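In: Just a sequence and a predicted model for now, questions to come.
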Protein chains: 2
Amino acid sequence: MQRYFLETAHQTGDHVALPESIAHHWVTVLRAEPGAKAEFVDNTAHLFHGQLDAIDPATVTLTAVTTPTVELPVAVTIACGLPKQEKAEWITQKATELGVDHIVFYAADWSVAKWQPNKVAKKLARLTKIAHGAAEQAHRLRRPEVSFAKSLKEVVEQPADVKLLAYEESAKQGEQSALNQQLQAIQTGQSLLAIFGPEGGISPAEVQTAQAAQAVLVGLGPRILRTETAPLFLLSAVSMVLELQQPR
Amino acid sequence: MQRYFLETAHQTGDHVALPESIAHHWVTVLRAEPGAKAEFVDNTAHLFHGQLDAIDPATVTLTAVTTPTVELPVAVTIACGLPKQEKAEWITQKATELGVDHIVFYAADWSVAKWQPNKVAKKLARLTKIAHGAAEQAHRLRRPEVSFAKSLKEVVEQPADVKLLAYEESAKQGEQSALNQQLQAIQTGQSLLAIFGPEGGISPAEVQTAQAAQAVLVGLGPRILRTETAPLFLLSAVSMVLELQQPR
């Protein structure tokens, strides 16, 4: 069933006038008619079935249903060194499908891509739209936040229960257990920050910055992953260890 | 260091005339000069350092070095219902980075994309080229094979020690342990076939075909993954369980 996110809190029986973006997609694009059904998630992450009452203006009647557990048990932030635009878009889409809570693109020392200050808001708006669409398709209850940071220092100053830095040199040296150790130790409800370098890699100064902020260096296996693949590996690994190996 | 694959077996001291494709990339594109070094993998998956002796014609002298363990401990085949062309390309690139051994694109009942019989060879040639390039970049020792099958039946007739079918309905019903059980039981050196539906999903007849061939239905977590994301989740999960949780 089609899923949409609402910006307000609701309860069973609520009659809701649909925001223009939802009305446009459901009624104009998908040609829904009165009586049609869709799923709605309110701004407290509760799930509802909605029945279309009328189309002009578009209104629905909501019925609360059991909200399934579909979010990762830890809130994962991925911090990605600014990649090329196309890669930023697909990191956003794929990481959203894989359950990310927050995506930060930071201007890394060795980023080839640059975001001009006057373009940041526009780029974030586009990426946020991609994240919202992907969250609907993945049937999530939360829509990830997408933000920008001027440097890795700004990223690591934010609090997180566990901080990791994906480090290619760790992988090359055959380090194969730090990621698992960290994931085994993390508790439900905690927050995890995972940092990734851009295409050009992470600079020695950035490694120091991350370590000074208690980030643990982890390898992501023995193969060299591209900047856009590494975050997807990490999110899949988090799901494997914390969802599929520890069923709730 | 740049890495290239050779089609022949070698030993220390061999002087090798470089194939045109390597000579073009290394000498013409990267402007390597005599004395330059690169890594070479021979057709028995052994690693060499190679020093460029001359550039016209391009020849190298090889020195055997310790071959690192960079391949997954099980040979993973992913069988993907024919997706749109762009998705086929990026499944190929990303799955190669993540260690896949063989990628089969099969004409699924609900595939929207079709491969005309007279176009199959050309499409496979392009995907094979992408796989080869990704294997070099990921510093792998093996280059995955890419092939086409006319149906899922043709895919499951091939032998494999463990067969899995990624099944969205399993995920929806909260099934969260079958994948882990299968990965815990698989032995180093065995083969794993993982089957994924196309954008339109897997048909009931295909589920029956897979089950009749001993494929186990597995969920990939509680979120709905797109057809191109699911194989990457699976490969990451295999790496997490068989490489990072069971260091060799």
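Out: Nice, thanks for sending it over. Residues are numbered from 1 along each chain as shown, chains lettered A, B, ... in the order given.

In: where in chain A is pLDDT low?
Out: A:171-174, A:247-248 (pLDDT under 70).

In: Spatially central residue for it, please.
Out: Residue closest to the average C-alpha location in chain A (CA atoms, centre = their mean): A:Val100, at 3.0 Å.

In: ok now do that one, which residues does it touch?
Out: A:Val76, A:Thr77, A:Ile78, A:Pro144, A:Pro231, A:Leu235 (CB atoms under 8 Å, 6 or more residues apart in numbering or on different chains). C-beta here means a position set from N, CA and C on the backbone, and glycine is covered the same way.

In: can you redo these as CSV with secondary structure, neighbour count and distance to chain B?
Out: Formatted as CSV, the contacts of A:Val100 follow (DSSP: H, G, I helix; E, B strand; the rest coil; neighbours: other CB atoms under 10 Å in any protein chain shown; distance: CB to the nearest CB, whole Å):
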residue, secondary structure, neighbour count, distance to chain B
A:Val76, strand, 28, 13
A:Thr77, strand, 21, 17
A:Ile78, strand, 27, 14
A:Pro144, coil, 25, 12
A:Pro231, helix, 26, 11
A:Leu235, helix, 25, 8
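
In: give me the number of residues near A:Thr128?
Out: 17 (other CB atoms under 10 Å in any protein chain shown).

In: ok, it to chain B distance?
Out: Going from A:Thr128 to chain B by CB to the nearest CB, to the nearest Å gives 19 Å.

In: Figure out the helix or strand that that residue lives in.
Out: Secondary structure from DSSP states H and E places A:Thr128 in helix A:120-137.

In: Going by contacts, tell me the helices and strands next to that helix.
Out: strand A:3-5, helix A:85-97, strand A:102-106, strand A:145-149 (3 or more CB pairs under 8 Å, 6 or more residues apart in numbering or on different chains; DSSP states H and E).

In: go with 7 Å
Out: Where contact means 3 or more CB pairs under 7 Å, 6 or more residues apart in numbering or on different chains; DSSP states H and E, helix A:120-137 is packed against strand A:3-5, helix A:85-97, strand A:145-149.

In: What segments of chain A are strands?
Out: A:3-5, A:15-17, A:37-41, A:47-55, A:58-64, A:75-81, A:102-106, A:145-149, A:162-166, A:191-196, A:216-218 (DSSP state E).

In: could you give the angle of the third one to strand A:58-64?
Out: Interaxial angle of strand A:37-41 relative to strand A:58-64 (axes from the mean of the first three to the mean of the last three CA atoms, to 10 degrees): 70 degrees.

In: ok, and what's touching strand A:37-41?
Out: Under the criterion CB atoms under 7 Å, 6 or more residues apart in numbering or on different chains, residues A:1-6, A:26, A:47-51, A:62, A:141 lie in contact with strand A:37-41.

In: Only the buried subset of those, as a PyMOL command please.
Out: Buried subset of the contacts of strand A:37-41, written as a PyMOL selection, criterion 16 or more other CB atoms under 10 Å in any protein chain shown:
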select buried, chain A and resi 2+3+4+5+6+26+47+48+49+50+62+141
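
In: Between which two of the contacts of strand A:37-41 is the distance greatest?
Out: A:Gln51 and A:Leu141 (20.3 Å; CB to CB).

In: Count the neighbours of the nearest residue to A:Val241 once chain neighbours are set aside for me.
Out: Nearest residue to A:Val241 in three dimensions, chain neighbours excluded: A:Leu183, at 4.4 Å (CB to CB, 6 or more residues apart in numbering or on different chains). A:Leu183: 24 surrounding residues under other CB under 10 Å.

In: Pull the most distant pair out of the contacts of A:Val100.
Out: Pairwise over those, using CB to CB, the maximum falls at A:Pro144 and A:Pro231, 11.9 Å.

In: Using JSON lines, lay out the contacts of strand A:37-41 together with distance to chain B.
Out: Below are those laid out as JSON lines (distance: CB to the nearest CB, whole Å):
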{"residue": "A:Met1", "distance to chain B": "11"}
{"residue": "A:Gln2", "distance to chain B": "12"}
{"residue": "A:Arg3", "distance to chain B": "10"}
{"residue": "A:Tyr4", "distance to chain B": "15"}
{"residue": "A:Phe5", "distance to chain B": "15"}
{"residue": "A:Leu6", "distance to chain B": "20"}
{"residue": "A:Trp26", "distance to chain B": "19"}
{"residue": "A:Leu47", "distance to chain B": "13"}
{"residue": "A:Phe48", "distance to chain B": "18"}
{"residue": "A:His49", "distance to chain B": "15"}
{"residue": "A:Gly50", "distance to chain B": "19"}
{"residue": "A:Gln51", "distance to chain B": "21"}
{"residue": "A:Leu62", "distance to chain B": "22"}
{"residue": "A:Leu141", "distance to chain B": "10"}
